[in-house]
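S.K.: have a look; sequence and predicted model below, questions after that.
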Amino acid sequence: MKTSMLMIAAAALVFGMSGSAMAAGDVEAGKAKAKACGGCHGANGEGKGKNPPLAGMATADFTKAMQDYSSGARDNKTMVRTAKKLSDDDVANLAAYYASLK
């Protein structure tokens, strides 16, 4: 019984790690996609006016924010509309790009 539980736990760990690796974004693709964000968040994600900085944001935080906008859990008309247009790959790429900035 202990052996089967250990094997299940090991399999879950392996599958979880492979899912995380697959979720890693492409910084260059994110940089290209981020041009659309520059008008509100600054050309380098530095923040602009009342719009927060994105540069240096942790990938998990960026991804969660975009998921929340897309689902309507966070309310901002512009961001809700923007987030709904992004694929999971787009979000991962943008997250990787903004995390790479200082």
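M.R.: Happy to help now that I have it.
S.K.: other SSEs contacting the host helix or strand of Ala65?
M.R.: Assigned by DSSP states H and E, Ala65 belongs to helix 59-71. Helices and strands touching helix 59-71, by 3 or more CB pairs under 8 Å, 6 or more residues apart in numbering; DSSP states H and E, are helix 77-85, helix 88-100. Any C-beta I mention is one placed from the backbone N, CA and C, and that applies to glycine too.
S.K.: pLDDT on it, on average?
M.R.: Mean pLDDT, computed over helix 59-71, is 98.
S.K.: and among the helices and strands packed on helix 59-71, the most buried is which?
M.R.: Stretch with highest mean neighbour count among the helices and strands packed on helix 59-71: helix 88-100 (a mean of 21; mean count of other CB atoms under 10 Å).
S.K.: and that helix, how far out from the chain middle?
M.R.: Chain-centre distance of helix 88-100: 5 Å, with CA atoms, centre = their mean, to the nearest Å.
S.K.: with adjacent residues omitted, what lies nearest to the residue positioned nearest the centre of the chain?
M.R.: Centroid-nearest residue in the chain: Thr63, 2.9 Å away (criterion: CA atoms, centre = their mean). In space, not counting the residues next to it along the chain, Thr63 is nearest to Ala95; the distance is 5.2 Å by CB to CB, 6 or more residues apart in numbering.
S.K.: tabulate the CA atom coordinates of stretch 27-36 in CSV.
M.R.: Only the C-alpha atoms of stretch 27-36 are listed here, as CSV (Å, rounded to 0.1, in the frame of the first residue of the first chain):
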residue,chain,number,x,y,z
VAL,A,27,10.7,36.3,-23.7
GLU,A,28,11.1,37.4,-27.3
ALA,A,29,7.6,36.5,-28.3
GLY,A,30,6.4,38.3,-25.2
LYS,A,31,8.4,41.4,-26.1
ALA,A,32,6.8,41.5,-29.5
LYS,A,33,3.3,41.1,-28.0
ALA,A,34,4.0,43.7,-25.3
LYS,A,35,4.1,46.5,-27.8
ALA,A,36,0.3,46.7,-27.5
